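In: Any chance you could fold what I've pasted below:
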Amino acid sequence: MVRRPLWLAIGVGIAFLWLGAAHGVLLAFAGEARMAQAAPKANRPAPPAAWANQTAVTPTVPAAAQESAAPADPPMDISDIGDSPAVTATTAPTYYIVAPGDTLYPIAVAHGTTVEALMAANGMSNPDLLHAGQVLTIPGPDGELPDPALMPVVIAGETLTQPLIVPRGTITERLTSLAQAAGPGSPYYGTTWLTYYGRPTVEIMGILGEHSLEDLTPLLRAQAEAYDRANGPALTVTPAFHLVYGMATKAPGEDNSHLAFMADEEVMAYIEAAEAEGWAVILDVQIGALSPTAAITPALRFLAYPNVHLAIDPEFAMVHPGQVVPGDPIGYVTAGQINLVQAVVNTYLAAKQLPAPRILLVHQFQSSMIVEPEKIDTTTYAARVALTLSVDGWGGPWGKISKYNSFITPGSPFAAFKLFYRWDEPLLTPDEALGNRPFRGSDFFIEVTPNLIIYQ
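Out: The predicted structure follows:
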């Protein structure tokens, strides 16, 4: 009778021990489950807390330094943490400079946006292609982009962890010195010119030959509106029809000039259509077998119309011994010849007492196309002639931008940049062509704001 209660007590004790062990195991499993639920996904690493306080132009502190300097995180209640919701932008649009070790996801989190939004704003196709010193555009909550004038330029010092931030300046501050000094009488005063180039009915020569005059007008207007948005409030846009008035030809013609000039009636149709819109016309002559001054002379009479301007194209000047056709090999003009053309235009405008100044555009896509460019006179005829150097050449953006930056400096005359709808791959956007933004996905800028953009 005594032994039975003893064994009963022992049995009850063992049962409690088993229940305690089981409860401990259950608690451990529950804890692990909550920890797993709270932990970030493998492809979404949680950023250090210090990143949340970065500004757009401050390089990220290296991870090792952050760990030693950042205060310990406060205790976190993880009982109710689940998968993170989709992140939407919560900060104002700005710029961010990539530091060594940065990845796109922590940058997105720090600025309250998404990887996808960052990739779209920066023209990126691969989120892993980042490099130290790269400037990222950070979109705002509604996808708006920051002011291009505030985009920094990064100049690496001895280490990329301490970049020097240099303001690029506004769209007007990046103009050539001559363009910045242009007064109210200049055709470039407070405006960017936008031209459609070509020869009527000759499709291969550009967009102006691909459409009727009636169809060109709304197309040019729409393109001008895109540039007006890119210009911002600082500049307006002046659209223009850019006619190849004197076209180089293989056949020498009756006068052996290797030039075919447009009929007066055809030229007047474009002049009158431009006048009706408040636009301009540029008459371009490809020189051929004539001297530059002789080639431009037939166009001078059209200067009677205040919205008419002129251009010469050295590519088709037949200046090489034994040359049979224009453009093969590529021609050239000298600085002295450019000065003579300026003198002829200046004299004609003065003699006829016509409104001035007028644009005189000179095309160039090889350094050899203008001989001794340092001798070009930019002062003697400036009251009546707005000399403009146009950088041509079709192809990829790296070659086009490099060529423009090598030919055009702040000390150049007025500047023009040519784009090709058919042959540029990819075609630069208005912001890229004006130097407001780098070519998408890169740090490669047009350095000097063009005064005139040509679409061929």
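In: Just the element for the residue lying closest to E277 once chain neighbours are set aside, please.
Out: The shortest distance from E277 to any residue other than its chain neighbours is 6.6 Å, reached at T217 (Cβ to Cβ, 6 or more residues apart in numbering). Bear in mind the C-beta positions are built from the backbone N, C-alpha and C, glycine included. Counting by DSSP states H and E, the element that carries T217 is helix 213-231.
In: In terms of secondary structure, what does that helix contact?
Out: When contacts are defined as 3 or more Cβ pairs under 8 Å, 6 or more residues apart in numbering; DSSP states H and E, helix 213-231 packs onto strand 191-198, strand 236-248, helix 264-277, helix 430-433.
In: ok, then the element right after the second one?
Out: Using DSSP H and E, the helix or strand that follows strand 236-248 towards the C-terminus is strand 259-261.
In: And that next one, how far out from the chain middle?
Out: Here strand 259-261 is found 36 Å from its chain centre; the criterion is Cα atoms, centre = their mean, to the nearest Å.
In: ok, back up a step: of the helices and strands packed on helix 213-231, which approaches G288 most closely?
Out: Each of these has some distance to G288 by Cβ to Cβ; the shortest is strand 236-248, at 5.0 Å.
In: So which bits of the closest one are buried?
Out: For strand 236-248, a neighbour-count test (16 or more other Cβ atoms under 10 Å) marks V237, T238, P239, A240, F241, H242, L243, V244, Y245, G246, M247, A248 as buried.
In: One more: stretch 391-408?
Out: Within stretch 391-408, judged by 16+ other Cβ under 10 Å, the buried ones are V391, D392, G393, W394, P397, K400, I401, K403, Y404, N405, F407, I408.
In: picking up where we left off before, surely the residue nearest to E277 touches E272?
Out: No. With contact defined as Cβ atoms under 8 Å, T217 does not reach E272; the gap is 12.0 Å.
In: what about Q180, how many neighbours?
Out: 12 (other Cβ atoms under 10 Å).
In: and if you look at R221?
Out: R221: 14 neighbours (other Cβ under 10 Å).
In: With the one 5 residues further on instead?
Out: By other Cβ under 10 Å, 14 other residues sit near A226.
In: list the contacts for it?
Out: Listed by Cβ atoms under 8 Å, 6 or more residues apart in numbering, the contact set of A226 reads P430.
In: so where's the stretch 1-150 of the chain uncertain?
Out: Where the stretch 1-150 of the chain drops to pLDDT under 70, the residues are 1-90, 149.
In: Give the buried residues for stretch 325-337.
Out: Going by neighbour count (16+ other Cβ under 10 Å), the buried part of stretch 325-337 is V325, P326, G327, I330, G331, Y332, V333, T334, Q337.
In: And for stretch 207-221?
Out: I207, L208, G209, E210, H211, L216, T217, L220.
In: Then stretch 291-302?
Out: For stretch 291-302, burial by neighbour count (16+ other Cβ under 10 Å) applies to P292, T293, A295, I296, P298, A299, L300, F302.
In: same thing with stretch 433-446?
Out: Buried, per 16+ other Cβ under 10 Å, within stretch 433-446: A433, L434, G435, N436, R437, P438, F439, R440, S442, F445, I446.
In: what sits against the residue lying closest to the third one once chain neighbours are set aside?
Out: The shortest distance from G435 to any residue that is not its chain neighbour, by Cβ to Cβ, 6+ apart, is 3.5 Å, and that residue is I446. Taking Cβ under 8 Å, 6+ apart as the contact definition, I446 lies against I401, Y404, N405, F417, E432, A433, L434, G435.
In: Dump the buried residues of stretch 391-408 to CSV, plus secondary structure and distance to D228.
Out: Formatted as CSV, the buried residues of stretch 391-408 follow (DSSP: H, G, I helix; E, B strand; the rest coil; distance: Cβ to Cβ, whole Å):
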residue, secondary structure, distance to D228
V391, strand, 23
D392, coil, 24
G393, coil, 26
W394, coil, 25
P397, helix, 22
K400, helix, 23
I401, helix, 22
K403, helix, 26
Y404, helix, 22
N405, helix, 25
F407, helix, 26
I408, coil, 22
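In: can you put the residues you listed in TSV and add distance to T170 and pLDDT?
Out: Output for the buried residues of stretch 391-408, formatted as TSV (distance: Cβ to Cβ, whole Å; pLDDT from 0 to 100):
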residue	distance to T170	pLDDT
V391	22	96
D392	27	90
G393	27	85
W394	29	85
P397	23	92
K400	23	94
I401	20	95
K403	24	94
Y404	19	96
N405	19	95
F407	23	95
I408	18	96
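In: low pLDDT regions in the stretch 151-300 of the chain?
Out: For the stretch 151-300 of the chain, the ranges with pLDDT under 70 are 153-167.
In: okay, now A269: neighbour count?
Out: 15.
In: hmm, back to that, could you point out which of the buried residues of stretch 433-446 is nearest to D264?
Out: Nearest to D264 among the buried residues of stretch 433-446: A433, at 33.6 Å, using Cβ to Cβ.
In: Against P426, how distant is that closest one?
Out: Plainly put, A433 is 12 Å away from P426 if you go by Cβ to Cβ, to the nearest Å.
In: Please enumerate the shared neighbours of those two.
Out: Residues touching both A433 and P426 (Cβ under 8 Å, 6+ apart): none.
In: looking at it, L219 is touching L208, isn't it?
Out: No. Counting by Cβ under 8 Å, L219 sits too far from L208 to count as a contact (10.0 Å).
In: Spit out the residues that contact these two alike.
Out: With Cβ under 8 Å, 6+ apart as the test, L219 and L208 both reach Y196.
In: coming back round to it: dump the buried residues of stretch 391-408 to CSV, plus distance to L259.
Out: Below are these laid out as CSV (distance: Cβ to Cβ, whole Å):
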residue, distance to L259
V391, 24
D392, 19
G393, 23
W394, 23
P397, 33
K400, 28
I401, 32
K403, 27
Y404, 28
N405, 33
F407, 26
I408, 28
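In: Specify which member of those residues is nearest to L178.
Out: For those, the nearest to L178 is I408 (11.4 Å; Cβ to Cβ).
In: could you pull out the helices for the stretch 251-400 of the chain?
Out: 264-277, 292-296, 335-352, 397-407 (DSSP state H, counting those that start in this stretch).
In: Looking at those helices, which is nearest to E116?
Out: For E116, the closest of the helices of the stretch 251-400 of the chain is helix 397-407, at 23.9 Å, according to Cβ to Cβ.
In: centre of the chain versus that closest one, how much separation?
Out: 12 Å.
In: circling back to that earlier point, tell me the one of the contacts of I446 nearest H111?
Out: When the contacts of I446 are ranked by distance to H111 (Cβ to Cβ), E432 comes first, at 23.2 Å.
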